[in-house]
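fold the following for me, if possible:
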Amino acid sequence: MKVLLLGHKGMLGSDLMAQFKHRHEVIGMDLDEIDITSASECHKAVTENNPQLVINAAAYTNVDACETDREACFAVNAEAVKNIAEACRGKNITVIHYSTDYVFDGNGSRPYREDDPCNPINAYGASKLAGENYLRQLTDNFIIMRTAWLYGAHGKNFVQAILDRARATGKLTVVDDQTGSPTCTRDLAAATELLVDKNARGIFHVTNRGSCTWFDFARKILKEARLETVELLPMKTGDLKRAAKRPAYSVLGMQKFMETTGKTMQPWQLAFQDYYKVLTSRTCCSESSIAHK
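Model (predicted):
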């Protein structure tokens, strides 16, 4: 299969390239090669490359910056998705797009299902939902993968921030009242290929299994890094002066993914342990953390 991968140099895109290149012909394009906010450039990329599958791994992900730069945020996370969908419409091309747990308001107490009402509480979540809606309106040939709390070997993320701050200061303060599911980009890439193999369509929730708070995740990071002597203190979201609101509870239910693929994602703790081994060995060749159901 010929695959056009947009954002192939990013944290998720790098792992998607590594995952798909073994069985597919992958054409990678990044921000220095295509402006996805330009409809004409999207049409040109699709026409010239003639892919069977387009994977959009490009996104504006700085949640706080989205509040002050809404125009750029919506251009990348919404209008660009419209451009991609329109470029692929009528050509029998499947479009895969990644969305977020932040499309939900976080007022729930059980894992969110794909058909639960969306109610984003920040600009980032609103822009990602707008992108979803454009894709759903313009084509039936799509996979939307909502995911959460991504980290990986090829970009800035919470894991690296915790390690850097811990080693620099010896003391950390992390919020303990936001609950979600840390997700390794390598595992998300493998899950993406599973859905492609099953010829799936629609919206799917995909994260590593289980949930924790950011405080719990930080504690796990310090344990794996043998930095348990670092002082780790909890704090409340309200005490953290951030431009964007965050949902208090944004765990995503994955029953649909499991029923479609026959597989389940490995628990976030084990996935992180595998990731940290890869990180410390400076290689990304270990097996993905997806297990049989």
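
so what's residue 58 up against?
6-7, 10, 13, 30-31, 36, 76, 80 (Cβ atoms under 8 Å, 6 or more residues apart in numbering). C-betas here are computed from N, CA, C, even on glycine.

so which of those residues sit within helices?
Using DSSP state H, the members of the contacts of residue 58 that fall in helices are 13, 80.

just the buried residues of the contacts of residue 58.
6-7, 10, 13, 36, 76, 80 (16 or more other Cβ atoms under 10 Å).

now do residue 65 against residue 118, distance only.
Residue 65 sits 22 Å away from residue 118, going by Cβ to Cβ, to the nearest Å.

which parts of the stretch 51-200 of the chain are helices?
63-68, 70-74, 80-88, 123-138, 158-169, 185-197 (DSSP state H, counting those that start in this stretch).

quick one: distance of stretch 222-238 to the chain centre.
Offset of stretch 222-238 from its chain centre (Cα atoms, centre = their mean, to the nearest Å): 24 Å.

likewise stretch 15-27?
17 Å.

residues of it that come out buried?
Neighbour-count burial for stretch 15-27 [16+ other Cβ under 10 Å]: 15-20, 24, 26-27.

any idea how far apart the tips of that stretch sit?
14 Å (Cα to Cα, to the nearest Å).

which residues does that stretch contact?
1-5, 8, 28, 49, 51, 53, 55, 57, 152-154, 185-186, 188-190, 192-193, 284, 288.

one more time with 7 Å, if that's ok
The contact list for stretch 15-27 (Cβ atoms under 7 Å, 6 or more residues apart in numbering) reads 1-5, 8, 28, 49, 51, 55, 57, 152, 154, 185-186, 189-190, 192-193, 284.

mean confidence for stretch 192-210?
Average pLDDT, stretch 192-210: 99.

what does stretch 156-172 give?
96.

distance from the chain centre to it, please.
Chain-centre distance of stretch 156-172: 21 Å, with Cα atoms, centre = their mean.

just the CA atoms of it, as PDB, please.
Provided in PDB are the C-alpha atoms of stretch 156-172 (Å, rounded to 0.1, in the frame of the first residue of the first chain):
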ATOM      1  CA  LYS A 156       9.500  16.900  23.700                       C
ATOM      2  CA  ASN A 157       7.100  15.400  26.200                       C
ATOM      3  CA  PHE A 158       6.200  15.100  29.900                       C
ATOM      4  CA  VAL A 159       8.700  12.300  30.500                       C
ATOM      5  CA  GLN A 160      11.700  14.300  29.200                       C
ATOM      6  CA  ALA A 161      10.500  17.400  31.100                       C
ATOM      7  CA  ILE A 162      10.300  15.400  34.400                       C
ATOM      8  CA  LEU A 163      13.700  13.900  33.900                       C
ATOM      9  CA  ASP A 164      15.300  17.200  33.000                       C
ATOM     10  CA  ARG A 165      13.800  19.000  35.900                       C
ATOM     11  CA  ALA A 166      14.500  16.300  38.400                       C
ATOM     12  CA  ARG A 167      18.200  16.200  37.500                       C
ATOM     13  CA  ALA A 168      18.500  19.900  37.400                       C
ATOM     14  CA  THR A 169      16.700  20.800  40.700                       C
ATOM     15  CA  GLY A 170      16.200  17.700  42.700                       C
ATOM     16  CA  LYS A 171      12.600  18.800  43.500                       C
ATOM     17  CA  LEU A 172       9.400  18.500  41.600                       C
END
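
what is the helix or strand hosting residue 260 packed up against?
According to DSSP states H and E, residue 260 maps onto helix 255-261. Packing partners of helix 255-261 (3 or more Cβ pairs under 7 Å, 6 or more residues apart in numbering; DSSP states H and E): helix 185-197, strand 202-205.
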